[in-house]
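S.K.: The sequence and its predicted three-dimensional model are supplied below.
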Amino acid sequence: MGLSWTSGRRAHDDDFVAYYTARADQLRNTAYLLCGDWHLAQDLTQTTFTKIYRAWRRIERHDTLDQYARRVLLRAFLDERRRPWRRELSTVPDSPALDTVASEPGGADERLVLSTALARIPPRRRAVLVLRFWADLSVEQVADILGCSTGTVKSQTSAGLADLRAVLGGALEDLRRPLRGGLW
Amino acid sequence: MNEVKEVCAAALDGPAPPLPDGREMLAVARRSVGRRARLAAGGAGLAVVVVVTTVGVVASAVAGPPTTTYRKTPVVGPAPVRAVLPPPPAPSAMEAHRHGPQIAGLLVAAVPAGFTTTVEHISADTSPASTWQTMNGEYFSSVRVLVAAGGREGQLSSHIVTDGQPMSDVDLCTAAAAARFAQLVDAPATNCEVVTIDGVTVQVSSGVSEMFGQINAAVRLIDGGLLAVVAAQRIPSYAVGNDELPPDAAASPPASLILGGRPGLSSPVLTRSQVAALAADPAMLP
């Protein structure tokens, strides 16, 4: 992971800060892809790093820390969804923008459809897609994070991709078209 | 799949708020650890001043059947009802979590005959409590019981919240208190009443929620937090649905999962006085 770890209690905080500096942005991006809200993503990231800090001295193998961090993030995300006041405040799933139909090839509508597509997929399938294809994790790693079988990950992946294609319609192709035409 | 990466890239293609730097995050984490340690100590360091104005109720808490007195508490008006017994210390989050099985037993036992009950179990250990910390620093430990009859279902839940805040204003029906309870545990901010049961002061409220239908809720203060019991007429459809379950789970849904979205009960499974009695039950706390 490109980080070197020092030992001893005095180095504890420095190591934590180094890990946060190296991974916070990446983890927050993952959180944003899961929840579609930057503020909530920031909350989830902070929750994750707070838990990591608490567990820091008990973590013996820091090479597995990324996997642990993703697992904590996932649980925080799924827990967060269960809280009624959070759900009531969520704006993404009910946003009128989600019902926008792409009309102009290569225009802002397609980008909007793309940027909100993930939010329209059920959370667990969304998580599988993000972890598999954005975070580039193996089926086994995703199964470990989600606490399910590899078979479940595979079937959720398949279902999630079908969901995504249904949500996207032709938006992705429309957005690609100008590129293929050499206009850019 | 490239299309997923493209979608993810598109979603991230916008201005993001700045990240706190490492030292800021470290400070937050340190505060959290310190707070956790204080809560684990049982809140012993928190001083609470309780004014005892009612005489004789303490004795009734020691022996004899529960005695319930009701008093309507207006938001503005006479002096507020004072706690008869000092609030017990808030349990640590782990204590509350480990107490989950006993709470679940009490909730199930309180459900009248004719209903089936299913205790939700989503934690990774044997406790039915779901325990977590919010970014505001509060710890929540919740136990939820699905209550069903005739194809209709509602919910009975308890919530132990430890936020380290002693509430100096013990009038539980002030607008501020009602707002706090509504935010924390979905207690309605309407039809507020203060009840004293065996020396324990409990706020009882009821109202209609778009998500939960009719709600009867009872909240009692503990030193540095609260305990709430909430009976809801229905479970909103946002709860885990079959479409969110892995296929192997959807084929045979675990009995412990609350699925929600079915027609609600004709009324909450427990009345106002029943949720109040549960909230005042000392056995609900570790």
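M.R.: Sure, I can see it.

S.K.: Can you list the buried residues in the biggest helix by length in chain A?
M.R.: Scanning chain A for the helix with the most residues, using DSSP state H, yields helix A:12-35. Residues of helix A:12-35 classed as buried by neighbour count (16 or more other CB atoms under 10 Å in any protein chain shown): A:13, A:15-20, A:23-24, A:27-35. The way it works is simple: take the backbone N, C-alpha and C, and place the C-beta from them, glycine included.

S.K.: which secondary element of the chain has the worst mean pLDDT?
M.R.: Picking chain A for this. helix A:84-89 (a mean of 38; mean pLDDT, DSSP states H and E).

S.K.: other chain: chain B
M.R.: One helix or strand of chain B scores below all others by mean pLDDT, DSSP H and E: helix B:57-62, with a mean of 33.

S.K.: can you pull out the helices in chain B?
M.R.: Going by DSSP H, chain B shows helices at B:2-12, B:22-40, B:57-62, B:93-98, B:100-110, B:175-185, B:247-251, B:272-280.

S.K.: Just put those in JSON lines and tack on distance to residue B:141 and mean neighbour count.
M.R.: Formatted as JSON lines, the helices of chain B follow (distance: least, CB to CB, whole Å; neighbours: other CB atoms under 10 Å in any protein chain shown):
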{"stretch": "helix B:2-12", "distance to residue B:141": "34", "mean neighbour count": "18"}
{"stretch": "helix B:22-40", "distance to residue B:141": "11", "mean neighbour count": "16"}
{"stretch": "helix B:57-62", "distance to residue B:141": "25", "mean neighbour count": "14"}
{"stretch": "helix B:93-98", "distance to residue B:141": "4", "mean neighbour count": "21"}
{"stretch": "helix B:100-110", "distance to residue B:141": "7", "mean neighbour count": "19"}
{"stretch": "helix B:175-185", "distance to residue B:141": "11", "mean neighbour count": "18"}
{"stretch": "helix B:247-251", "distance to residue B:141": "25", "mean neighbour count": "13"}
{"stretch": "helix B:272-280", "distance to residue B:141": "15", "mean neighbour count": "23"}
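
S.K.: Dump those helices to a markdown table, plus distance to chain A.
M.R.: Shown next, in a markdown table, are the helices of chain B (distance: least, CB to the nearest CB, whole Å):
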| stretch | distance to chain A |
| --- | --- |
| helix B:2-12 | 4 |
| helix B:22-40 | 4 |
| helix B:57-62 | 33 |
| helix B:93-98 | 12 |
| helix B:100-110 | 15 |
| helix B:175-185 | 6 |
| helix B:247-251 | 5 |
| helix B:272-280 | 17 |
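
S.K.: Switch these over to CSV; also include distance to residue B:139.
M.R.: Listed next are the helices of chain B as CSV, based on distance: least, CB to CB, whole Å:
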stretch, distance to residue B:139
helix B:2-12, 32
helix B:22-40, 7
helix B:57-62, 27
helix B:93-98, 4
helix B:100-110, 13
helix B:175-185, 11
helix B:247-251, 29
helix B:272-280, 18
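
S.K.: Comparing these, which yields the minimum mean pLDDT?
M.R.: Lowest mean pLDDT within the helices of chain B: helix B:57-62, a mean of 33.

S.K.: Could I get the pLDDT score of residue B:241?
M.R.: Model confidence at residue B:241, given as pLDDT, is 44.
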